[in-house]
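Novice: the following comprises the amino acid sequence and a computationally predicted model.
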Amino acid sequence: MSVLISIDQGTTSTRTVAFDSDLNVVHSAQQEYSLQYPKDGWVEIQPDELMSSVYKTFDPVLEFCPEILTVGITNQRETTLVWDAKTGNCIYNAIVWQDRRTAGQCLKLKEDGFEGVIKSKTGLLLDPYFSSTKISWILDNVNGARKKAENGELRFGTVDTYLLWQLSDGKIFKTDVTNASRTNLYNINTKSWDAELLEIFNVPSSMLPEVHHSDANFGTISRHNRKIKITGIIGDQQSALVGQRCFQPGQMKVTFGTGCFLMVNTGNLLKQSSSGLLNTIGYGISGDIPYAVEGSIFSAGTIIQWLRDNMKFFSDSSASSNFLSETGNSNDVIFIPGFTGIGAPHWNSEIRASFYGITRDTTQHDMVTAAFNALIYQVIDIKDALKKDGIEIKNLSIDGGMAVNKIFCQLLADYLQQDIQAPSSVESTAIGAAITAGFGIKIFSIEELQKRELLNSNIYKPRKKVFDPEDLAKWRKFLSVLLGAYN
């Protein structure tokens, strides 16, 4: 059987999945790894541990699948690596997208009046979330790095570029339009690296990879004496957009992974948000590069991991549903999930996580329910921001680990007061990478994929009188108090 392989390199684990031509899973392997937190708001990954997780999942799938059509790579975006061009060794740990260490640099650039030009060219905000200030931090804080970069001796990449370099022994130095669009260095109007942005962030152009469409022929790698084509590279949230078949303007998905990301396809319309949302590139497939609007929530799955690993409320993440009230009743306990700041539409790097309303009668069930409620309230905030920008949510498809939690999905429908579609396979990100790679070898077309329905989808319809707007108002009031304290 011939298969398409996806390498899904996520924030806390790597999965490699083999699909048949009908996008059924044939074989898969997963490997978790740890994040490093050297200081408050700092989040890092050891590069060797990251690559080890790739090899430990990729190799078993290769061994199981003798006939490989092609490989697609999807990856956590914005996470930044800088390495030596000769040795391929990173000069610092990977700085993860959640990392907030460059908040001061971003504030200084705002005060210097650069936010407007950055937003107009990139569609993004001036925030530590994106790669640009992470690169400049590494160059300014690793001994000798700035000089080596100016001499053309260093390379920068988001995770996709780093994987390509390592898997090809330094022969491939490329990225795709979706990952490039998340760096704050790529002009999404001209679709090219931008000299003015490079000057603002003080990043030498020699560090940057070639940019291609997501379904380009990125080259061939060798692994265990096998030649393997790479014909798909796409950032994880855009990959989920493709995996959910959101090929038409107005189609929308929400992915609940380590963070939560809502993205809507806006077609050829580059619609600048005035409500704190992001403009980005949706994908680069079949010669088309549509735009998208995105709302980013920094903490989703990490909340559940924290309740599991730090609070010891349960031993397995799936058990969290046993602590979640079916009606969302948290007994007036409120949670703000600001472990590394809070994202769209508020964008505050300094705020930290907190509970409010804990009494002597508060239980673990109340605190877990409050945590899930906080995630839904943030989705509502993004939905309201989209509405202000003239984008109405008509249908909503969700994926990611939390999409298997039926109580959460039902509450999401109840609170948003609209139908929620959860596909039978919540791995839309991996599927999107396989589809992208399939486009690269021309075995798929957009028209054909749109005719295929997402099989066995679960549709959650909103119940009446479950959602209480007063609870949302209380959560927003507490959030506003915290935001005020850090503004």
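Specialist: Nice, thanks for sending it over.

Novice: first to last residue in stretch 283-299, what's the distance?
Specialist: End-to-end span of stretch 283-299 (Cα to Cα, to the nearest Å): 24 Å.

Novice: so which bits of that stretch are buried?
Specialist: Neighbour-count burial for stretch 283-299, counted by 16 or more other Cβ atoms under 10 Å, picks out 283-286, 289-299. From N, CA and C alone the C-beta is placed, and that goes for glycine too.

Novice: now do stretch 169-181
Specialist: Result for stretch 169-181 [16+ other Cβ under 10 Å]: buried residues 172-181.

Novice: turn these into a markdown table, including distance to M367 and secondary structure.
Specialist: Formatted as a markdown table, those follow (distance: Cβ to Cβ, whole Å; DSSP: H, G, I helix; E, B strand; the rest coil):
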| residue | distance to M367 | secondary structure |
| --- | --- | --- |
| I172 | 47 | coil |
| F173 | 47 | coil |
| K174 | 45 | strand |
| T175 | 41 | strand |
| D176 | 41 | strand |
| V177 | 42 | helix |
| T178 | 36 | helix |
| N179 | 37 | helix |
| A180 | 40 | helix |
| S181 | 38 | coil |
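
Novice: now those residues in TSV, with pLDDT and distance to G257?
Specialist: Shown next, in TSV, are those (pLDDT from 0 to 100; distance: Cβ to Cβ, whole Å):
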residue	pLDDT	distance to G257
I172	95	27
F173	97	27
K174	97	25
T175	97	21
D176	97	19
V177	97	21
T178	97	16
N179	97	17
A180	97	21
S181	96	19
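
Novice: quick one on the thing from earlier: if we take the buried residues of stretch 283-299, which one ends up nearest to A434?
Specialist: Nearest to A434 among these: I285, at 12.7 Å, using Cβ to Cβ.

Novice: quick check: the closest one touching A437?
Specialist: No. Here I285 does not reach A437: they are 10.6 Å apart, not a contact under Cβ atoms under 8 Å.

Novice: pLDDT averaged over whichever strand or helix holds G432 - what is it?
Specialist: Assigned by DSSP states H and E, G432 belongs to helix 428-440. Averaging pLDDT along helix 428-440 gives 92.

Novice: same thing with stretch 318-334?
Specialist: In the prediction, stretch 318-334 has an average pLDDT of 90.

Novice: for the worst-scoring helix or strand of the chain on mean pLDDT, list the C-alpha coordinates in CSV.
Specialist: Least confident helix or strand, the chain: helix 446-451 with a mean of 77, by mean pLDDT, DSSP states H and E. Taking C-alpha atoms only, helix 446-451 is exported to CSV below (Å, rounded to 0.1, in the frame of the first residue of the first chain):
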residue,chain,number,x,y,z
ILE,A,446,-9.6,21.2,-4.0
GLU,A,447,-12.8,20.4,-5.8
GLU,A,448,-12.5,16.7,-5.2
LEU,A,449,-11.7,17.2,-1.5
GLN,A,450,-14.6,19.5,-1.0
LYS,A,451,-16.9,16.8,-2.3
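
Novice: tell me what the next helix or strand after that helix is packed against?
Specialist: Using DSSP H and E, the helix or strand that directly follows helix 446-451 along the chain is strand 458-460. Using 3 or more Cβ pairs under 8 Å, 6 or more residues apart in numbering; DSSP states H and E, the elements in contact with strand 458-460 are helix 406-416, strand 420-422.

Novice: returning to what we had before: okay, buried residues for the least confident helix or strand of the chain please.
Specialist: Buried residues in helix 446-451 (16+ other Cβ under 10 Å): I446.

Novice: next: stretch 76-87.
Specialist: Quick answer for stretch 76-87 (16+ other Cβ under 10 Å): 76-83, 85.

Novice: now, which of those sits nearest T429?
Specialist: When the buried residues of stretch 76-87 are compared against T429 (criterion: Cβ to Cβ), the nearest one is Q76, at 10.1 Å.

Novice: the residue nearest to the closest one when sequence neighbours are not counted and T302, how far apart?
Specialist: Nearest-residue entry for Q76: T11, 4.8 Å, with adjacent residues in sequence omitted and distances by Cβ to Cβ, 6 or more residues apart in numbering. Separation of T11 from T302 (Cβ to Cβ, to the nearest Å) stands at 8 Å.

Novice: between these two, which contacts overlap?
Specialist: Taking Cβ atoms under 8 Å, 6 or more residues apart in numbering as the criterion, T11 and T302 both touch 98, 258-259.

Novice: PyMOL command for the buried members of those?
Specialist: What follows is the PyMOL syntax selecting those of the shared contacts of T11 and T302 that are buried according to 16+ other Cβ under 10 Å:
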select buried, resi 98+258+259
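
Novice: might you report the residue contacts of the residue nearest to Q76?
Specialist: By Cβ under 8 Å, 6+ apart, the contact set of T11 is 35, 76, 79, 96-98, 257-259.

Novice: for burial, what's the neighbour tally of S274?
Specialist: S274 has 10 neighbours, counted by other Cβ atoms under 10 Å.

Novice: thought K387 was touching it, still the case?
Specialist: No. Taking Cβ under 8 Å as the definition, S274 is not a contact partner of K387, at 11.9 Å.

Novice: quick one on the thing from earlier: can you name the two of the buried residues of stretch 283-299 that are farthest apart?
Specialist: That would be S286 and S299, which, of the buried residues of stretch 283-299, are the farthest apart (Cβ to Cβ) at 34.9 Å.

Novice: turn the helices and strands packed on strand 458-460 into a markdown table, including mean pLDDT, distance to N458 and mean neighbour count.
Specialist: Shown next, in a markdown table, are the helices and strands packed on strand 458-460 (pLDDT from 0 to 100; distance: least, Cβ to Cβ, whole Å; neighbours: other Cβ atoms under 10 Å):
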| stretch | mean pLDDT | distance to N458 | mean neighbour count |
| --- | --- | --- | --- |
| helix 406-416 | 92 | 7 | 22 |
| strand 420-422 | 84 | 5 | 23 |
